[in-house]
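1. kindly generate the corresponding structure for this input.
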Amino acid sequence: MQIVAKERTTKKQAKEITNVVMQAAKLLKNPESKPMDFFNYCIFGMIFAIVAGIVFAVLIAVGRGTVLTYIALFVMALLLVTAIIVYRTVCRFRNTLLNKDRNVLIVIDEEGIDYDDHEKLKMKTPWTGISFIREFDECLYFFPTDITGLVICVNRKETEGVAECLKELGISTRMIRKK
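-> The predicted structure follows:
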């Protein structure tokens, strides 16, 4: 089976792909788990760090600050910087997905999955390197057996074709359908 992806990634797809890729380790440990919205998580971390930082700064300003207050203020500043860096990284990844014209060829056969983006990456993953396949709202994902592998995603409209292909080829890789 050949899947050719030439359409641009939609905003919904880019957000879902970003959330899934950023939490691939969690999904590998528990394939049934639902990935959280990583963008909201980062924003919550920034808001928490700002509010807590203001509280600690006020305590220091009114003369009630102790050594622990200074340490807590420093920790909140580190949390804020970390949340901003993670958020910018996630946004950069999402924007790369949105702004890049895709020209990807994915071939599924009895040996595994061939992935070719015609630019940088061309690889073959054997079926022993695929842990499970999972369908989400926007895309279908092929998860590697370990975190060092690449999570391959295709448009969700390919789900039935992939399921039929796997059945025809006798591939027993677990496929988790959207509920």
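
2. need the residue closest to the centroid of this protein.
-> Nearest residue to the geometric centre of the chain (CA atoms, centre = their mean): Val21, 2.0 Å.

3. list the contacts of it.
-> Val21 is in contact with Phe93, Val151, counting by CB atoms under 8 Å, 6 or more residues apart in numbering. Bear in mind the C-beta positions are built from the backbone N, C-alpha and C, glycine included.

4. wait, a strand at it?
-> No - assigned with DSSP: H, G, I helix; E, B strand; the rest coil, Val21 falls outside any strand and is helix.

5. could you report the pLDDT at it?
-> Note on Val21: pLDDT of 89.

6. now swap in Met1 and tell me
-> So Met1 comes in at 81 (pLDDT).

7. where is the longest helix in the protein?
-> helix 67-99 (DSSP state H).

8. other SSEs contacting the next helix-or-strand element following that one?
-> Where DSSP states H and E defines the elements, the next helix or strand beyond helix 67-99 is strand 104-108. If contacts are counted by 3 or more CB pairs under 8 Å, 6 or more residues apart in numbering; DSSP states H and E, strand 104-108 sits against strand 2-5, strand 112-116, helix 159-169.

9. can you list the buried residues in the longest one?
-> Residues of helix 159-169 classed as buried under the neighbour-count rule (16 or more other CB atoms under 10 Å) are Thr159, Val162, Cys165, Leu166.

10. go through the longest helix of the chain and flag the buried ones.
-> Applying 16+ other CB under 10 Å to helix 67-99 flags 69, 72-73, 76, 79-80, 83, 86-87, 90, 93-94, 97 as buried.

11. which one among these gets closest to Glu7?
-> Distance to Glu7, by CB to CB, is smallest for Leu97 among those, at 12.1 Å.

12. how close does Val154 get to Glu7?
-> Val154 is 11 Å from Glu7, where distance means CB to CB, to the nearest Å.

13. burial of Val55, as a residue count?
-> 14 (other CB atoms under 10 Å).

14. separation between it and Val81?
-> 18 Å.

15. again, but for Phe93
-> With CB to CB as the criterion, Phe93 and Val81 are 19 Å apart.
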